[in-house]
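Student: Below: sequence and its predicted model.
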Amino acid sequence: MKKYLYLCVGLFGMATVNAQEKSTASLTVKTDAEWKSQLTPEEYRVLRDKGTEKAFSGKYVDTMDKGTYVCAACSNPLFDSASKFKSDAGWPTFDRPIKNAVTFVADDSSGAVLTEVVCSKCEGHLGQVTTDTAAGTSGSRYTVSSVALKFIPAK
């Protein structure tokens, strides 16, 4: 059963990776030293070293205000608040990104095949995407570390 689950997740991940649209945003390229000087140590750990913040510790887990979530590293608009939904995941959860805002990378570093979500502009690690059958969602669950985001309230 476990192998079947990994196979299904892996196939979904590869389909997602192959189906992604190419971004029209120009790539932000910086040296490791530049990222370290710009980001806090925790932002660097998550965005550049592909870390994950502790569940339920992020400041945007329960935020449901109207606005836009942008990349903490490069300010690329990533998610509209209308796509955010409450979940018990422990991290901010969205059902769809802004068009061309993110790209996907197959990640098997944990032993299971996951689909990593990265910013299309700076390639910063945001979190993972999985399938979700919750009512009212697009069928995808984007679980993102709060530290990878900045929230811009609607005017």
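Tutor: Yep, that arrived. This is a predicted model, so every value here is computed, not measured.

Student: Let's see the helix or strand where residue 79 lies as CSV, backbone CA atoms only.
Tutor: Assessed by DSSP states H and E, residue 79 sits inside strand 77-80. Included here for strand 77-80 are C-alpha records, laid out as CSV according to Å, rounded to 0.1, in the frame of the first residue of the first chain:
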residue,chain,number,x,y,z
PRO,A,77,3.6,37.9,-6.3
LEU,A,78,2.8,34.2,-5.5
PHE,A,79,-0.7,33.7,-4.1
ASP,A,80,-3.8,35.8,-3.9
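
Student: So which elements touch that strand?
Tutor: Identification of packing neighbours for strand 77-80 by 3 or more Cβ pairs under 8 Å, 6 or more residues apart in numbering; DSSP states H and E yields strand 67-71, strand 140-144. No exception for glycine: its C-beta is placed from N, CA and C like everyone else's.

Student: What strands line up against the helix or strand just after the last one, and which way round?
Tutor: Think strand 140-144. The helix or strand immediately downstream of strand 140-144 is strand 149-153, counting by DSSP H and E. In the sheet, strand 149-153 lines up against strand 67-71 (antiparallel) (DSSP bridges).
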